[in-house]
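>>> sharing a model that was predicted from the sequence below.
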Amino acid sequence: MVSDRPRTAAPAADLATTVVLAAFIAVLGLFPGVYVGASGVPIVVQNMGPFLAGVLVGARRAVLAVLLLLALVAIGLPLLSGGRGGLAPFVGPSGGFLVGWILSALVSGLIVQRSARPRLPLLLLAAFAGLVADYLIGVPWLAIQTGSWPTALTGSLVFVPGDLAKVVIAALVASLVHRALPGRFVGRA
């Protein structure tokens, strides 16, 4: 039987990319979170990982990396910022943002993989869209946890400056990688 899909990299290479990206996102969790305000959601570096993965390798592999990391966290490995693991982070105030990482990787990856040679403006757009996707799930979840939309919205504003800086950092890193290794990562989902 002949497949309509274009031939991608060897399955072992895809698996290795997925595992390395999941490990990289876990390493970003070594930076401790900073709790500001009463929301119970820390400011972390780790939330840059999903949209950075998306702008580097495209949607499929980035989403698989995030799913792998979240599965490892769910079974109890302390891979989240501050050494958190288990199911508690998923049902607490930051649970929506964690689930939002999946959409973040998907959205940023889908935008970038439409371009054969992603340039900085597209990478900035893709990373920003990935961040917004995370907020689309995280803020409503936080509103449910706090019982108040205004509290969730104003409480989330504290994250915006740092998250915008992470968008710029992710786009710059991806730009350097894509320039150094053109066509190596995205474009083949």
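The structure has been received and is ready for your questions. Quantities reported herein were computed from a predicted structural model and do not represent experimental measurements.
>>> doesn't V173 make contact with A127?
No - using Cβ atoms under 8 Å, A127 is not in contact with V173, being 9.6 Å away. The C-beta positions use only the backbone N, C-alpha and C, and glycine is treated the same way.
>>> spatially central residue for the chain, please.
Nearest to the geometric centre of the chain sits P50, at 1.6 Å (Cα atoms, centre = their mean).
>>> go through stretch 133-145 and flag the buried ones.
133-135, 137-139, 141-143, 145 (16 or more other Cβ atoms under 10 Å).
>>> now, which of those residues lie within helices?
Here DSSP state H is the test, and these give 133-135, 137-139, 141-143, 145 as lying in helices.
>>> what is the nearest of those to G96?
W141 (2.2 Å; Cβ to Cβ).
>>> mind checking pLDDT for the closest one?
Per-residue pLDDT puts W141 at 96.
>>> just give the nearest non-adjacent residue to it, would you?
Among residues not flanking W141 along the chain, G96 sits closest, at 2.2 Å (Cβ to Cβ, 6 or more residues apart in numbering).
>>> please report how far that neighbour lies from A26.
20 Å (Cβ to Cβ, to the nearest Å).
>>> likewise I102?
Applying Cβ to Cβ to I102 and A26 gives a distance of 16 Å.
>>> next one: L122
L122 is 27 Å from A26, by Cβ to Cβ.
>>> ok, A152 next?
Taking Cβ to Cβ, one finds A152 at 27 Å from A26.
>>> which residues in the protein form helices?
11-28, 48-57, 59-74, 88-91, 95-112, 120-146, 149-156, 160-180.
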